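Asker: The following block contains a protein sequence and its predicted model.
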Amino acid sequence: MMDKKEKASVMLSEDGSSLVLLDQTLLPGEEKYLYLKTAEEIWEAIHSLRVRGAPAIGIAAAYGIYVILNEEKNEIDRKFKEARVFLESSRPTAVNLSWALERMQRCMESNAGKSVLDIKEALRREADDIRQEDEDVCRAIGINGLTLLSPKMGILTHCNAGGIATARYGTALAPVYLGSEKGYSFKVFADETRPLMQGARLTVWELMKNGIDVTLICDSTAAAVMSKGWIDAVLVGCDRVAMNGDTANKIGTKGVAILAKEFSIPFYVCCPLSTIDKNMATGKDIVIEERPGEEIYKRNFIKQTAPDDVKTFNPAFDVTDNRYISAIVTEKGIIRHPYEENLKRIL
């Protein structure tokens, strides 16, 4: 599973001149890679979800800022600051975006006084490290998450937290991939994940491509499959964790968590430590991105499903209260209640 030779969803071109992205907005119908060179192109790709998934966004930002500086010969500090502020504005909720750019900033500072060529080479190495570390982290999350699962389990997942959302393996899907390598024969149920259908377009596509048993369900079907006893665990990813254990993930995650608690099904959040925001006390402090209402009734439909002047509310994420979360699975181990104490301890 997850053949290492398979082309990654986010990477640097061989000559270092372009950020290369699998355009996830075109899946499952078309596998197209974009070659991006300008700050405007990279900003648009992140904002428009051509690249998505918190870890993949971080990798894209790191390689992206290197690419933006690639042709710069003199004012590299000014150009870096401008590019960082601009890229950070593309998506406010995913903490990995600002986290990766902060790492690149520290790299700039630690190489101050060196030649422009040396600084750019250091930035490229730092971006490579971010990508490799993410692959290693995802594998570790998979190993730790697998200890919570047993063969032949039914697993429900929401949105896409798989290999194309990361450097490799994914977060929530990492235990699925590693378990499949061991012959665990999981049965995965994927919510469609309205309004942008990441579950239907991306998770199902990815799992089928890797030979995993997956069943697509409507978001509104989750309670029905749980009531039938088909779900033994829920695995989801995460875009930000507050220090009290509240987590922000794709809209609809909170509802799944509430259902899981009602049916006594463990609800696991799988995420790297970089997703934990030490400056965020609770989920109430998390800024939730609101997206265009047309995504609800026009995008992804051959014929739109509501009038043009309809009022809409289209948050990209919701916050799952920590009381619904059975455990947070990280690369360093499994965190359980009380989260305020145990998150500080693991950090």
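Answerer: Done, it's in. Small disclaimer: the values here were computed from a predicted structure and weren't measured.
Asker: Tell me if I'm right that residue 310 and residue 293 touch.
Answerer: Yes - counting by Cβ atoms under 8 Å, residue 310 does reach residue 293; the two are 7.3 Å apart. All C-beta atoms are positioned from the backbone trio N, CA, C, and that covers glycine.
Asker: residue boundaries of the strands in the stretch 101-250 of the chain?
Answerer: Counting by DSSP state E, counting those that start in this stretch, the stretch 101-250 of the chain has strands at residues 154-157, 187-191, 214-217, 233-236, 240-241, 247-250.
Asker: Dump the ones you listed into a markdown table; add mean neighbour count as well.
Answerer: Listed next are those as a markdown table, based on neighbours: other Cβ atoms under 10 Å:
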| stretch | mean neighbour count |
| --- | --- |
| strand 154-157 | 24 |
| strand 187-191 | 23 |
| strand 214-217 | 18 |
| strand 233-236 | 26 |
| strand 240-241 | 28 |
| strand 247-250 | 28 |
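Asker: would you turn the ones you listed into a markdown table with mean pLDDT?
Answerer: Formatted as a markdown table, these follow (pLDDT from 0 to 100):
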| stretch | mean pLDDT |
| --- | --- |
| strand 154-157 | 98 |
| strand 187-191 | 98 |
| strand 214-217 | 98 |
| strand 233-236 | 98 |
| strand 240-241 | 94 |
| strand 247-250 | 96 |
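Asker: Residue nearest the middle of this protein, spatially speaking?
Answerer: residue 53 (2.2 Å; Cα atoms, centre = their mean).
Asker: ok now do the closest residue to residue 52 other than its chain neighbours, which residues does it touch?
Answerer: Leaving aside its sequence neighbours, residue 52 sits nearest to residue 24 (Cβ to Cβ, 6 or more residues apart in numbering; 5.8 Å). The contact partners of residue 24, taken as Cβ atoms under 8 Å, 6 or more residues apart in numbering, are 9, 49-52, 164, 201-202.
Asker: got the buried residues for the longest helix along the chain?
Answerer: Taking DSSP state H as the criterion, the chain has its longest helix at helix 116-146. For helix 116-146, the neighbour count (16 or more other Cβ atoms under 10 Å) marks 119-120, 122-124, 126-128, 130-131, 133-135, 137-142, 144-146 as buried.
Asker: before we move on, what about stretch 204-216?
Answerer: 204-207, 210, 212, 214, 216.
Asker: Kindly report the same for stretch 81-98.
Answerer: 83-84, 87-88, 90-98.
Asker: Quickly name whichever of those is closest to residue 274.
Answerer: For these, the residue nearest residue 274 by Cβ to Cβ is residue 96; the value is 5.8 Å.
Asker: still on that earlier bit, need the max-distance pair from the buried residues of stretch 204-216.
Answerer: Going by Cβ to Cβ, the pair spanning those furthest: 210 and 216, at 15.4 Å.
Asker: follow-up on the earlier one: okay if I get the buried residues of stretch 81-98 as a markdown table plus distance to residue 333, secondary structure and pLDDT?
Answerer: As requested, those are arranged in a markdown table below (distance: Cβ to Cβ, whole Å; DSSP: H, G, I helix; E, B strand; the rest coil; pLDDT from 0 to 100):
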| residue | distance to residue 333 | secondary structure | pLDDT |
| --- | --- | --- | --- |
| 83 | 35 | helix | 96 |
| 84 | 32 | helix | 96 |
| 87 | 32 | helix | 96 |
| 88 | 30 | helix | 95 |
| 90 | 32 | coil | 94 |
| 91 | 28 | coil | 89 |
| 92 | 29 | coil | 76 |
| 93 | 25 | coil | 73 |
| 94 | 23 | coil | 69 |
| 95 | 20 | helix | 81 |
| 96 | 20 | helix | 87 |
| 97 | 25 | helix | 93 |
| 98 | 25 | helix | 92 |
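Asker: Tabulate these (CSV), appending distance to residue 247.
Answerer: Listed next are these as CSV, based on distance: Cβ to Cβ, whole Å:
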residue, distance to residue 247
83, 29
84, 26
87, 24
88, 21
90, 21
91, 17
92, 16
93, 11
94, 12
95, 11
96, 14
97, 17
98, 17
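Asker: Pick the one among these closest to residue 239.
Answerer: residue 94 (4.5 Å).
Asker: how many neighbours does residue 301 have?
Answerer: When neighbours are defined as other Cβ atoms under 10 Å, residue 301 has 12 of them.
Asker: That one is in what secondary structure piece?
Answerer: Using DSSP states H and E, residue 301 maps to neither a helix nor a strand.
Asker: what's near enough to touch it?
Answerer: So residue 301 contacts nothing (Cβ under 8 Å, 6+ apart).
Asker: one step back: quick one: closest of the strands of the stretch 101-250 of the chain to residue 334.
Answerer: Nearest of these to residue 334, taken as Cβ to Cβ: strand 233-236 at 12.7 Å.
Asker: quick one: strands adjacent to that closest one?
Answerer: strand 154-157 (parallel), strand 267-270 (parallel) (DSSP bridges).
Asker: Mind listing residues that contact the helix or strand following the last one?
Answerer: Towards the C-terminus, the helix or strand next in line after strand 267-270, according to DSSP H and E, is helix 294-297. Outside helix 294-297, the residues within contact range by Cβ under 8 Å, 6+ apart are 194-196, 304-306, 310, 312, 314.
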